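S.K.: my questions concern the predicted model and sequence given below.
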Amino acid sequence: MTQQADHLYDNAFYHDNVYGHALALLRRTRGDAACGRIHLDIGCGYGRIAEPLTAELGLTYVGTDGDERSVDALRTRNFEAHHLWLGEEEATFAAFERIVAGRPLASISMLDTLEHLTDGDATLRAISRLAQRHAALVVISVPNVTHADIGFRLAFGRWDYTEAGLLDHTHMRLFGPEVLDRVLRHAGLYPIESNDVLITKSDQHFPADHPALARGTLLHSMLMGLRTQAGGAATVNQFLRLCAPGRPVQDDAFLRPGGDAAARPLLSVVMRTQGKRLHTLVEALTALAGQTDTDFEVLVVGHRLSLDHQKAVERAIEDSPGWLRNKCRLIRVDDGNRTRPLNEGFAAADGRYIAILDDDDMPFGHWVETFRTLDQKYPGRLLRAATVRQDVVNITIGGLLGLRATGPLQRVYAQSFDLLRHLHENQTPPVSLAFPRGAFHDLGIRFDERLTTTEDWDYLLRVAAVVGVASTPEITSIYRWWPTNESSRTVHSQEEWERNHNAILAKLDAMPLLCPPGTARRVCMLLDEAEARSDPAPERLARLREVQEIFNSTSWRITAPVRLLGRILGKPAANPDVIWHIDSTQLVDLAAALRRSTSWRITAPIRRLRRR
């Protein structure tokens with residue numbers, strides 16, 4: 001049965017609802033010889049699509065439904081309608097054949113019916129067979145259970161069935177976009193076009209003042225930003241697919257949780273190259289061959305390679321040890337700026353983590369091993385090791401291009417990750433990082449291809465703000481610095497760098513940021529430091545100096561046992577650190593309190609003797 005008798009599914013036709021969207025799909029595929037052909041509407045309800053469909057497409061409308069009331073209503077409007085219960089495949093297919101009765105069939109629709117069926121797969125297979133026999137196209141629609149309203153409510157423990165709508169209490173099966181497409185293909189229906197119905201506020205948008213649903217809250221802004229980024233179905237109310245019939249897919253119809261993760265390598269190494277630094281590419285591949293942990297794959301992403309450069313890169317890969325060569329894939333990217341290869345490489349990566357190793361970087365032998373150690377302690381975070389910088393130049397010896405260091409190894413980058421400091425300035429070269437796969441593949445956080453520089457800084461901040469960072473001071477790589485040779489610093493103007501920098505900050509300003517634990521105290525310290533540097537008031541400086549002199553005095557130090565006794569007896573202790581967090585008036589009060597204290601009064605004779 002397609003619906004229950006206690007609820008009337010009698011919805012009017014509108015161009016912006018499921019009926020209008022289905023008609024639009026059929027209109028795009030309308031043939032010239034419509035006369036005499038029929039359209040079969042399965043689970044038709046009251047068939048409100050019948051009048052506009054026959055008027056616009058010239059087809060003969062035929063409806064089927066399990067509810068006799070809707071079938072009778074269609075007949076009173078002079079449309080052919082049949083009472084039909086959908087069930088086992090063979091019986092359903094035979095019923096379709098009897099209804100069509102040899103007439104030419106142009107198209108089939110089943111709108112918001114599949115979710116009500118106890119064995120919808122059998123009905124879909126019967127529809128596919130009927131469509132193949134008549135070379136007919138099929139329109140299918142189902143509600144979207146992945147709508148943001150449902151997801152946000154469920155995230156906080158709310159799940160409510162309703163009389164009708166996205167979570168209609170008669171629904172037997174729930175569909176997201178991937179589930180629907182998989183089910184259709186396994187039944188022999190291949191989506192060729194879509195025309196989804198979008199509704200920002202669905203019938204599940206209640207209570208309206210729920211912080212996750214109310215549009216003005218930071219929580220909703222953060223959730224909607226992440227949800228929209230992860231996929232385009234956040235505001236889809238109903239999926240509509242126009243399908244062509246074909247042979248059913250034979251693989252598993254359902255996913256096996258965890259099955260793919262076990263086969264993934266720990267790390268995918270994405271190496272951008274233009275083939276212009278073959279000597280450093282060979283050196284980087286050699287460094288990978290010396291890793292203590294070999295659970296990785298290498299994706300060499302050749303960007304705008306000429307034929308000669310492509311051959312040279314292929315030769316470098318071919319000359320690697322056999323086990324490493326088998327882990328390497330060459331991916332050619334012939335368009336886009338320097339950011340496009342990163343998106344292409346990350347999209348092709350199979351590893352649980354993805355690292356960027358440019359063709360002039362130098363990873364040490366424990367580079368991969370260190371990432372594994374971090375993963376074991378903090379699974380799913382962005383992994384960060386320390387790196388050192390070294391100035392290098394190209395040299396030619398015996399007619400061969402080589403590399404020479406012109407300076408020492410410098411620890412110019414922060415040894416631990418500080419999100420606030422990174423908002424001001426990037427302190428992490430890409431070679432230091434391993435990004436969790438889910439950030440790109442599940443959350444949809446992609447590199448911004450509008451940026452021509454600083455694309456790694458932008459990506460680092462957006463991922464770090466969501467998954468957090470696991471850091472180690474262990475140095476695992478050398479970041480090569482080219483003070484004289486061509487690099488991204490020399491190819492792009494200072495104005496371009498500043499423009500990209502400002503664009504990244506504007507993007508971050510437009511979204512709420514998740515801050516790691518300890519941020520509140522860190523912000524207070526930074527504000528205090530800034531205030532201390534910017535406050536020119538001599539009164540505050542004098543008061544600070546006065547209080548500091550008391551805390552640093554001999555009188556205060558020798559009376560420490562007295563204050564210890566006081567603390568044992570429950571008296572509050574004076575905290576020297578508090579002076580950096582209070583204003584001038586509070587400093588005056590503190591100085592007066594210190595001078596009235598027992599510690600200060602009992603040492604007055606000592607201070608008088610020192611003044612003599």
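M.R.: That came through fine. Numbers count the residues shown, from 1 in each chain.

S.K.: who touches Asp391 in this structure?
M.R.: The contact partners of Asp391, taken as Cβ atoms under 8 Å, 6 or more residues apart in numbering, are Ala405, Thr406, Gly407, Trp481, Trp482, Pro483. Quick note: C-beta positions are derived from backbone N, CA and C, even for glycine.

S.K.: repeat that for 6 Å
M.R.: Thr406, Gly407, Trp481, Pro483 (Cβ atoms under 6 Å, 6 or more residues apart in numbering).

S.K.: taking these, tell me the two that lie furthest apart.
M.R.: With Cβ to Cβ as the measure, no two of the contacts of Asp391 lie farther apart than Thr406 and Trp481, at 9.4 Å.

S.K.: give me the more crowded residue out of those two.
M.R.: Taking neighbours as other Cβ atoms under 10 Å, Thr406 and Trp481 compare with Trp481 leading, 19 against 13.

S.K.: what bridges to that one?
M.R.: Note on Trp481: beta-bridge partners Asp391, judged by DSSP bridges.

S.K.: pretty sure it contacts Arg389?
M.R.: Yes. Counting by Cβ atoms under 6 Å, Trp481 touches Arg389, with 5.2 Å between them.

S.K.: so where do the helices sit in the stretch 451-600 of the chain?
M.R.: In the stretch 451-600 of the chain, the segments counted as helices under DSSP state H, counting those that start in this stretch are 455-467, 488-491, 494-509, 519-534, 538-552, 554-558, 560-568, 584-596, 598-601.

S.K.: mean pLDDT lowest for which of the ones you listed?
M.R.: Least confident of those, judged by mean pLDDT, is helix 488-491 with a mean of 56.

S.K.: let's see the pLDDT reported for the nearest residue to Val270 once chain neighbours are set aside.
M.R.: Nearest residue to Val270, sequence neighbours excluded (Cβ to Cβ, 6 or more residues apart in numbering): Gly345, at 3.5 Å. pLDDT, Gly345: 98.

S.K.: what about Gly345, how many neighbours?
M.R.: Neighbour count for Gly345, taken as other Cβ under 10 Å: 24.

S.K.: now do the buried residues in the strand or helix carrying it.
M.R.: Here Gly345 sits within helix 340-348, counting by DSSP states H and E. Neighbour counts over helix 340-348 (16 or more other Cβ atoms under 10 Å) mark Arg340, Pro341, Leu342, Asn343, Glu344, Gly345, Phe346 as buried.

S.K.: tell me the one of those residues nearest Leu198?
M.R.: Asn343 (26.1 Å).

S.K.: my guess is that closest one contacts Gly444. True?
M.R.: No. Under the criterion of Cβ under 6 Å, Asn343 makes no contact with Gly444, lying 11.3 Å away.

S.K.: Ile38: what's it in contact with?
M.R.: Residues in contact with Ile38 (Cβ under 6 Å, 6+ apart) are Thr60, Val62, Arg103, Leu105.

S.K.: can you flag the buried ones in those residues?
M.R.: The buried subset of the contacts of Ile38 - by 16+ other Cβ under 10 Å - is Thr60, Val62, Leu105.

S.K.: by mean pLDDT, flag the weakest helix or strand of the chain.
M.R.: Counting by mean pLDDT, DSSP states H and E, the chain has its least confident helix or strand at helix 488-491, which shows a mean of 56.

S.K.: looking at the buried residues of helix 340-348, spot the one nearest Trp580.
M.R.: So of these, ranked by how close each gets to Trp580 (Cβ to Cβ), first place is Leu342, at 42.8 Å.

S.K.: quick check, the closest one in contact with Phe447.
M.R.: Yes. If you go by Cβ under 6 Å, Leu342 and Phe447 touch, sitting 4.7 Å apart.
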